[in-house]
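Peer 1: Here is the input, now give the coordinates:
(3 chains, ligands or ions: 2)
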Amino acid sequence: MAEIRYEHVSKAFDSNTVVNDLDLRIDDGELMVLVGPSGCGKTTALRMLAGLEEVSSGQIVIDEQVVNDLEPRDRDVAMVFQNYALYPHLSVYQNMAFGLRLHHKPRAEIDRRVREAARVLQLEELLQRKPKQLSGGQRQRVAMGRAIVRQPRVFLMDEPLSNLDAKLRAQMRAQIARLQRDLGVTMLYVTHDQVEAMTLGHRVAVMRLGVLQQVAPPQELYRRPVNLFVASFIGSPTMNVVEAELHRESDGLRARFGSHDIRIDPGLAASRPALERYDGRRVVLGVRPQNTEDAALVDTGDTDSMIDATVELREDLGPEVDVHVGIDAPAPALEAVIEATESADTTGEAGVAGRPEGIFVARLGAGTEAREGRQVKLWLDPRALHFFDPDSGVAIYE
Amino acid sequence: MRGRSGLRRGGRALLIALILVWSAFPVYWALNTSMTTLNGAQSVPAHFVPSPFTAHNYGTLLNQTGGGVGNQFWRSFLNATIESGLATVLTVAIALFAAYAFARLEFRGKRIILVAVLATLLLPVYATLIPLYRIMSSVHLVNTYLGIILVYTSGFLPLAIWIMYNYFASVPRELEEAAFVDGATPVVALWRVMIPVSGPGIAATSIIVFLMGWAQFIFPLVLSSDLATQPVTVMVAALYGQRIVPFTLLNAIGVLAAALPGVIALVLNRYIVQGVMAGSIK
Amino acid sequence: MSGERTQTGRKRPRRRGRFLPYILLSPLVLFIGALALYPTIVTTVQAFFTVDPVNPPTRFAGLANFRALIHNPFVRQSAVNTALYIVVGVGLSTLFGLVIALVLQRRSRWRGVVLALVVLPWALPGVVEAVIWGWIYDATFGVLNSVLKSTGLIGSYHVWIGIGRVVSIVLIELVQVWQVTPLAALLILAALQSIPQEIYEAARVDGAGSWEKFRRITLPLVRPGLAVAMVESLILSLNVFDQVYVLNGFAPGGASIMLQTYQISFNNLNFGQGYALSLLATFATMLLSLLILAVVYRRVEF
Ligand SMILES: Nc1ncnc2c1ncn2[C@@H]1O[C@H](COP(=O)(O)OP(=O)(O)OP(=O)(O)O)[C@@H](O)[C@H]1O
Ligand SMILES: [Mg+2]
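Peer 2: Ligands and ions are numbered 1, 2, ... in the order given. Next up is the predicted model:
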């Protein structure tokens, strides 16, 4: 069992800083997911913990022991690589036994552990095969088995599922979660897939350009993102964001964007006192597609939360319908949003390829009658609006 | 349309036949000559199959006891095997470690050393022949196995390193990193992962080096010309020059001298081809 | 899950295994340094000295060795001979290699067998090959004479080696070509196989016939392979020794520079001149290699 701390850890390749002052603590037995767009430094962070990469500054602590200067073999960690890195010249059995042999475990114990892991991972039939003779999913399980048998303090996984098809990925995701829970081992799991991050992580750490953005349980990350990047990166389809202006009327704070003017729920406004300071100023308003509905399907007379828009595209998902509507207000031109949207769209399951400016996505009930080219009246949940500073992108809460 | 493609196919078949004749005929001819009598070999026009057939020449080589051509031949055969065999072992062992360091480790002076080593690939025999003779004679290693093995090894190392370096560089890094995480030291990772995974590359290198060793002539001519250490090439050249051994027997000797590398080339040519190709591009 | 916890590991210098690379490299450095680089330096330096083991000491001689070589008719003849060896060797082995590579490029049932036989001559010792070919070239019983006579190409049996200088050299070099061609073929084949198939398909869509495809795609793209093959055969024919030694002995008509070097150094024991000739030959090798690379080599990236 182990507790891990990254303390002000930075990593630079030549003059290029790819991990910047990372401060992260992973509790004993916790499954921490590290997520972020491609190239943000996730793998590098993981490899520093494994000892495959030296840290440039700061320190990494496992169980109160600074491990900066320890070789990988002395850190008692196990790692599953993206391409699995199975030893091609060894059978499945030998692959799993390799680490134990190197640690001079008795033969009987090696055999017991390997067979136990093979049973858990349903590899019993395959023990004598060579990696070349396995399917992608089977290889993945062998890679997991190789990590499990070691019974290490820490499990490291670098996008272990990215080479599998969607269905297998969902299965393995569940299996990894179960294994981690049963073994009670500390795990750091790297992915760029936010769905994987949200479903798997006890807590999720979001990185961008080498900088840690937010660490929180999935629900909190979804509900209270600390900035525009996290807000846009987490959730699928991506959160709609638009430039708006706040103004106070007799019934409370309202947000005006384009020709629309919606009321902010007083309860929400009360829980975000900092909003007052933006009265009469620009903000970035965010609305998740899930927090919209066809006004015809909500039985509320709350016309203050409704906007009229023209449907440009309708996508039937079965239980729900995504509609893209035109909004005549500018999207914030923040680098963070663009990056988050781009990378989310390539991986998000219901991703929208390159959402153009002035488009809102709304996820509506299956009963909606919205048709392409027609007007639709949308209800935006006034209790689930997000606000960000237009210059810094920082979320506006307290 | 059909006629043309038939013609083309016929042309191709003819070309392949020509290539096969070009590649194999001289060897066949040596076999043919070695399996007939002197009279048979001296018939005009020549017989294309051994007639009369006899195994006498091989019998002479096998049976001779004490001081004869057979004894000389087998001694030189043994010498060549020992010299190229040990040189192969030494070369491959040294090249393994060095190629691994070049392909996987970071250290000061890496580029300079690598370039210096590979530059010697371009040095012709001229550059080193005389000094090597003088060095070896000054340390009394002329006419010893050790002397010739050292010289072979220094000559073969650059090519061996080049081939293995390319093999190692093509092995994914993660494989070793997995071993490190599993508890291996760099040396263990090399031994338990890199070397087994690079099996074909090591085989190719060994085969190529062995064949080069077996074929050496000018260095052993200079460095080990006495009977105790001379390899089969030097011995065959000497016999040929003396013109006292009948041609049929000489061809039998040629066939036997070619047999070991020939069989290796025919059976293991996959590795030779891989090795040459691995070292070729870039 | 506490089995491995006891191991805490040692503190180490930050740079991992600082000395390991040097330990791994030391045998190599020792070998190459002592038995390749050092001798090369000796050759270079001593070419300017009088070195005669029978008549020490070694004295500085300036350019005397070079002057003596230039005025030595045998050396001059061997230089001319070697030029001829090179022309024949590089020309034929590249041509044959290219043809064989083109044939082997096509996948077919016979490819494995053909490849195995093609590689064979490369694997055999040059000396043994020379002996085998010597018998083929034999003046009274050789199969070459027999075949040429029965097909009517010659009227009577010829003495092939040792009479006509050009014929001798061509036939001696042919033996080396036989040995080197497989290597050239493999090097060219490697280059051919690195050409993406789609380029040919695109050309076919564009309406190119076989000849156009060969001229406009294969030939330009295979140039790196050709260059390497040509340099290899250049180095080998500049060094030609085994075949000449066996088939021609020291007769000046066919002697190569390597043979001349051997004779000066080990028969006449004039090491100083041997060094000087070696140095010249080494320079010639480098220069000609660079020339071939400059003319033939074109970097190709896909
Ligand atoms: N060995 C290296 N030398 C130089 N730069 C490197 C090295 N390894 C990684 N980088 C750079 O560091 C940055 C972060 O790389 P890293 O592999 O950690 O990203 P990642 O978040 O894992 O991305 P992905 O999701 O694509 O795997 C990238 O810009 C990469 O180019
Ligand atoms: Mg990565």
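
Peer 1: Just confirm A:E369 is within a strand.
Peer 2: No - counting by DSSP: H, G, I helix; E, B strand; the rest coil, A:E369 is not found in a strand; it is coil.

Peer 1: do the helix or strand hosting C:V88 and chain B meet?
Peer 2: C:V88 belongs to helix C:73-105 when assigned by DSSP states H and E. Yes - judged by C-beta under 8 Å from any C-beta of the partner chain, helix C:73-105 and chain B are in contact via C:96, C:99-100, C:103. In this view, the C-beta of every residue, glycine as well, is placed from N, C-alpha and C.

Peer 1: Of these, which is the most crowded?
Peer 2: C:I100 (26 neighbours; other C-beta atoms under 10 Å in any protein chain shown).

Peer 1: Can you get me a residue count around the closest residue in space to it that isn't next to it in sequence?
Peer 2: Of all residues not flanking C:I100 in the chain, C:A185 sits nearest, at 4.0 Å (C-beta to C-beta, 6 or more residues apart in numbering or on different chains). Other residues lying near C:A185 total 31 when counted by other C-beta under 10 Å.

Peer 1: what element comes up after the longest helix belonging to chain B heading to the C-terminus?
Peer 2: Longest helix of chain B, by residue count under DSSP state H: helix B:69-104. Next along the chain after helix B:69-104, taking DSSP H and E as the criterion, comes helix B:110-119.

Peer 1: what comes up buried for that following helix?
Peer 2: Judged by neighbour count using 16 or more other C-beta atoms under 10 Å in any protein chain shown, the buried positions of helix B:110-119 are B:113-114, B:116-117.

Peer 1: now check it, is it near chain C?
Peer 2: Yes - using C-beta under 8 Å from any C-beta, helix B:110-119 reaches chain C at B:110, B:113, B:116-117.

Peer 1: Contacts for that helix, please.
Peer 2: Residues from elsewhere that reach helix B:110-119, judged by C-beta atoms under 8 Å, 6 or more residues apart in numbering or on different chains: B:98, B:101-102, B:157-158, B:161-162, B:165, C:21, C:25, C:28-29, C:32, C:37.

Peer 1: what sits against A:A366?
Peer 2: Applying C-beta under 8 Å, 6+ apart, the residues contacting A:A366 are A:318-321.

Peer 1: From A:G318, how far off is it?
Peer 2: With the distance defined as C-beta to C-beta, to the nearest Å, A:A366 ends up 7 Å from A:G318.

Peer 1: and the longest helix of chain B with helix B:110-119, angle?
Peer 2: 160 degrees (axes from the mean of the first three to the mean of the last three C-alpha atoms, to 10 degrees).

Peer 1: What helices and strands are in contact with helix B:69-104?
Peer 2: Secondary-structure packing of helix B:69-104 (3 or more C-beta pairs under 8 Å, 6 or more residues apart in numbering or on different chains; DSSP states H and E): helix B:56-63, helix B:110-119, helix B:145-170, helix B:199-215, helix B:232-242, helix B:247-267, helix C:20-32.

Peer 1: which parts of the helix holding C:V88 are buried?
Peer 2: Going by neighbour count (16+ other C-beta under 10 Å), the buried part of helix C:73-105 is C:75, C:77-79, C:81-82, C:84-86, C:88-90, C:92-94, C:96-104.

Peer 1: What's the first helix or strand after that helix?
Peer 2: For helix C:73-105, the succeeding helix or strand toward the C-terminus, using DSSP H and E, is helix C:111-123.

Peer 1: Using CSV, list the CA coordinates for the next helix or strand after that next one.
Peer 2: Sequence order places helix C:126-136 as the next helix or strand after helix C:111-123, per DSSP H and E. Once non-C-alpha atoms are left out, helix C:126-136 reads as follows in CSV (Å, rounded to 0.1, in the frame of the first residue of the first chain):
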residue,chain,number,x,y,z
GLY,C,126,37.5,-15.9,-53.1
VAL,C,127,40.5,-18.2,-53.2
VAL,C,128,38.4,-21.3,-53.6
GLU,C,129,36.3,-19.6,-56.3
ALA,C,130,39.5,-18.6,-58.1
VAL,C,131,40.6,-22.2,-58.1
ILE,C,132,37.3,-23.4,-59.4
TRP,C,133,37.2,-20.7,-62.2
GLY,C,134,40.8,-21.4,-63.0
TRP,C,135,39.8,-24.9,-64.0
ILE,C,136,36.9,-23.5,-66.0
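
Peer 1: any chance of the residues of helix C:73-105 next to chain B in CSV, plus distance to B:Q274 and pLDDT?
Peer 2: Listed next are those as CSV, based on distance: C-beta to C-beta, whole Å; pLDDT from 0 to 100:
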residue, distance to B:Q274, pLDDT
C:F96, 22, 96
C:V99, 22, 93
C:I100, 18, 93
C:V103, 20, 89
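
Peer 1: In the stretch 151-300 of chain C, which residue sits nearest chain B?
Peer 2: C:S278 (3.9 Å; C-beta to the nearest C-beta).

Peer 1: neighbours of the residue nearest to that residue when sequence neighbours are not counted, just the number please.
Peer 2: Distances taken as C-beta to C-beta, 6+ apart place B:Y126 nearest to C:S278, at 3.9 Å, with adjacent residues excluded. By other C-beta under 10 Å, 25 other residues sit near B:Y126.

Peer 1: Show me what from chain A comes close to chain B.
Peer 2: A:50-52, A:71-73, A:77-79, A:81-83, A:85-90, A:98-99, A:102-103, A:146, A:150, A:156.

Peer 1: Okay, now stretch A:10-21: how far is its last residue from its first?
Peer 2: Length of stretch A:10-21, first residue to last, C-alpha to C-alpha, to the nearest Å: 5 Å.

Peer 1: roughly how far out does it sit from the chain middle?
Peer 2: Taking C-alpha atoms, centre = their mean, to the nearest Å, one finds stretch A:10-21 lying 22 Å from the centre of the chain it belongs to.

Peer 1: if you average pLDDT over it, what comes out?
Peer 2: The pLDDT scores in stretch A:10-21 average 93.

Peer 1: Check which residues of it are buried.
Peer 2: A:10-11, A:17-20.

Peer 1: can you tell me which of those residues lies nearest to chain B?
Peer 2: Among the buried residues of stretch A:10-21, A:K11 lies closest to chain B (C-beta to the nearest C-beta), at 15.9 Å.

Peer 1: leaving aside the residues next to it on the chain, what's closest to that closest one?
Peer 2: A:V19 (4.1 Å).

Peer 1: contacting residues for B:I207?
Peer 2: With C-beta under 8 Å, 6+ apart, B:I207 has these contacts: B:264, B:268, B:271-272, B:275.

Peer 1: would CSV of the helices and strands packed on helix B:69-104 with mean pLDDT and distance to ligand 1 be doable?
Peer 2: Putting those into CSV (pLDDT from 0 to 100; distance: least, C-beta to the nearest ligand atom, whole Å) gives the following:
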stretch, mean pLDDT, distance to ligand 1
helix B:56-63, 81, 61
helix B:110-119, 90, 16
helix B:145-170, 93, 15
helix B:199-215, 93, 25
helix B:232-242, 91, 49
helix B:247-267, 91, 41
helix C:20-32, 92, 18
